[in-house]
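Enquirer: Got a sequence here, can you build the structure:
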Amino acid sequence: MLRDLKGSIVAIVVLTAVLGLGLPALFTGFSQLAFSSQANGSLLTVNGKVVGSRLVAQSFTKPQYFHERPSATSPPYNGGGTTFANLGPTNPALAKAVKDQAAAILKLEGPYNHGLTIHQIPVDAVTTSGSGVDPDISPAYAQLQSRRVAAVRHLPLSTVQRLIHRNTNGRSLGFLGEPGVNVLKLNLALDKETHK
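Expert: Below you'll find the model as predicted:
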């Protein structure tokens, strides 16, 4: 009996050391060596100052910037508290949220996209993502905003569209998911282009 108790205690100590300390330390060390940027949050810096992460959306409201998709987190774009809206297609609250967001898009983008109708607004412009902090928008939503950004920044539309293309990520492995435009990287590229 006492021998079994000692064996159990030794097993707990050894397994805790190996699986609770050693293995996580090994994985952390490997990730720091092999994937340092990703392991540290895929942070983006400008002039040595961290301005955000490639993986988490942040709020852009000024007209000279591309805007991200709506956020369901509280406060909006809270990377520490990701969540989704969880509203089904028959929920009146979803219909109201989409209608309100579409009206805001028409008001903001309409003066730059003459004849813009609600049917031309991409779905991701009016719906939240599964996490509430998705950093990417569809190329269609970026194109919708390109005329506004070009006009406000006094840049040629072709320059803004070139930056959109440069910051568009393709499908994973060439066939998984949909292409997306990273909003933070695109806005940083715009700031750099404007201050040349």
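
Enquirer: Going by C-alpha atoms from here, please, whenever you check contacts or count neighbours.
Expert: Will do.

Enquirer: Which other helices and strands does the longest helix along the chain contact?
Expert: Counting residues, the longest helix in the chain under DSSP state H turns out to be helix 92-109. Applying 3 or more C-alpha pairs under 8 Å, 6 or more residues apart in numbering; DSSP states H and E, we find helix 92-109 packed against helix 139-153.

Enquirer: Okay, buried residues for the helix or strand following the helix it packs on please.
Expert: Note on helix 139-153: by DSSP states H and E, the next helix or strand toward the C-terminus is helix 157-166. Residues of helix 157-166 classed as buried: 157, 160, 161, 163, 164, 165 (neighbour count, 16 or more other C-alpha atoms under 10 Å).

Enquirer: with the residues you listed in mind, which one is nearest to residue 85?
Expert: residue 164 (28.0 Å; C-alpha to C-alpha).

Enquirer: I figured that closest one was touching residue 141, is that so?
Expert: No: using C-alpha atoms under 8 Å, residue 164 makes no contact with residue 141, being 10.5 Å away.

Enquirer: Any chance of a markdown table for the buried residues of helix 157-166, columns pLDDT and distance to residue 112?
Expert: Compiled in a markdown table, the buried residues of helix 157-166 are given as follows (pLDDT from 0 to 100; distance: C-alpha to C-alpha, whole Å):
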| residue | pLDDT | distance to residue 112 |
| --- | --- | --- |
| 157 | 96 | 11 |
| 160 | 96 | 14 |
| 161 | 96 | 15 |
| 163 | 96 | 19 |
| 164 | 97 | 17 |
| 165 | 95 | 20 |
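
Enquirer: tell me which of those is nearest to residue 79?
Expert: Looking across the buried residues of helix 157-166 and measuring by C-alpha to C-alpha, the closest to residue 79 is residue 164, at 24.1 Å.
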